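Undergrad: based on what follows, work out the 3D shape:
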Amino acid sequence: MSMVSLPGLRSLLDTMSQQRSLPPLAVQAALKAALLKGYERYRRSQIRNDEDFPEDYFENFAVKLDLKAEGFRVIATKTVVETVEDSDREIPLDLAIKKGAKVKVGDRVIVDVTPNQGDFGRLAALQTKTVLTQKLQEQQCKYIQETFADRKGTVLVGKVLKSDARGVILGVSGGAGHPLVEAELPKYEKLPNDDYQEGTELKVYLKKVFDRPSSKPMLRVSRATSYLVSGLLSDRVPEIRQARVEIKGVARDSIPTKPDIVPRTKIAVHALDPDVDPVAACIGKLGEHLNAIAQEIPGEKIEVIPWSEDPATYIANALSPAQIEGAIALDLENQSAEVIVSPDQLTVALGPEDQNLQLASRLTEWKIILKTLPET
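TA: Predicted coordinates:
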């Protein structure tokens, strides 16, 4: 069997795998597709004009890499016939038998159709260079889609590869033994207290998996979204993973309007198991769960509150740490609530720059209006 030599094939595959963040098999698939295009071009130049070849003409052809010998062969699957009408798809019975195959008419056999190294080798090499980039992009898109499409909406571990004024590029793992895939963390998804030095590891929320390659990474992640906190809590709390506790709502102020205001998140939880205290389960023994999350998003205050199907109770809980002992009047038509608070609790209910009030409104999805009664 003939073979076209490709010196340095192993090194080439390793380099492309690292540069493109692709598994070796995906790089091999891209290279084989590019080499097959080179063979197609050679056949067109040697035998027929381009327009004479249907689009699917070369479907029965394939490229086989030989990593040990550092080369490749072109093979074709052909049908054994008595009389050949299409030499690209058929092989005469007598020739198939001469090649050592125990076959009969109608069988399909694999035949080595590799041309001589000369003109074909030079033309194939030229075509390979022009097609390989496109095929690598296609393989990269396919790999990322297959690996990360089902992980959209989950928390991943990313390693900072580079950072500039526009944002951060992280490397996220597709699994054990797989290379890191680049993910974009835009400037507006960053947290001000994070360390973005090269090599730093950060937990990120996968927001978007693009369906086509471009100049930017196909993955977009966030550190600022409220879903990061709920994802971290879900990963951390066994009762949530066991569906004994559910997260009913999350409201987050990850980038406050002023630097002296502490970032804050409110999470409402509900027990599906009557024997479980949902707030205690999420906080953990001695606060272990919240402490662990605090290490992932330093400087942020996480507050877990009990959800209630009664809007007035839910609103009162959401305004924590304020103590709501006054009346709550609900306007169902306008989804608004008038909450009476004592004068000494008004500042607490509002929070700095009204942060606590705004988070409570977003969490409960009610417009909350605070009022105080005159002191007697």
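
Undergrad: going forward, measure contacts between C-alpha atoms and count neighbours the same way
TA: Fine.

Undergrad: OK, contacts around Arg255?
TA: For the record, residue 255 is Ile, not Arg. With contact set as Cα atoms under 8 Å, 6 or more residues apart in numbering, Ile255 has these partners: 191-192, 224, 263.

Undergrad: cool, and Ser308?
TA: Neighbours of Ser308 in contact, by Cα under 8 Å, 6+ apart: 270, 314.

Undergrad: same question for Val105.
TA: Applying Cα under 8 Å, 6+ apart, the residues near Val105 are 79-82, 93.

Undergrad: neighbour count for those residues - can I get that in a markdown table?
TA: A markdown table is the format used below for those (neighbours: other Cα atoms under 10 Å):
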| residue | neighbour count |
| --- | --- |
| Thr79 | 22 |
| Val80 | 23 |
| Val81 | 19 |
| Glu82 | 13 |
| Leu93 | 22 |
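
Undergrad: which of the residues you listed fall within strands?
TA: Among the contacts of Val105, the members found in strands (DSSP state E) are 79-81.

Undergrad: ok, the contacts of Ile255 vs Gly153, which is closest?
TA: Nearest to Gly153 among the contacts of Ile255: Ala224, at 13.6 Å, using Cα to Cα.

Undergrad: excluding its backbone neighbours, what's nearest that closest one?
TA: Leaving aside its sequence neighbours, Ala224 sits nearest to Glu189 (Cα to Cα, 6 or more residues apart in numbering; 5.0 Å).

Undergrad: my understanding was that that neighbour contacts Arg223; is that so?
TA: Yes - under the criterion of Cα atoms under 8 Å, Glu189 makes contact with Arg223 at 5.6 Å.

Undergrad: looking at these two, which is more packed in?
TA: Taking neighbours as other Cα atoms under 10 Å, Glu189 and Arg223 compare with Arg223 leading, 25 against 20.

Undergrad: any chance of the contacts of Ile255 in TSV, plus neighbour count?
TA: Below are these laid out as TSV (neighbours: other Cα under 10 Å):
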residue	neighbour count
Leu191	18
Pro192	16
Ala224	21
Pro263	23
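
Undergrad: of the contacts of Val105, closest to Leu156?
TA: Out of the contacts of Val105, the member with the shortest distance to Leu156 (by Cα to Cα) is Thr79, at 49.8 Å.

Undergrad: next up, the contacts around that closest one.
TA: Thr79 makes contact with 89-91, 105-109 under the criterion Cα under 8 Å, 6+ apart.
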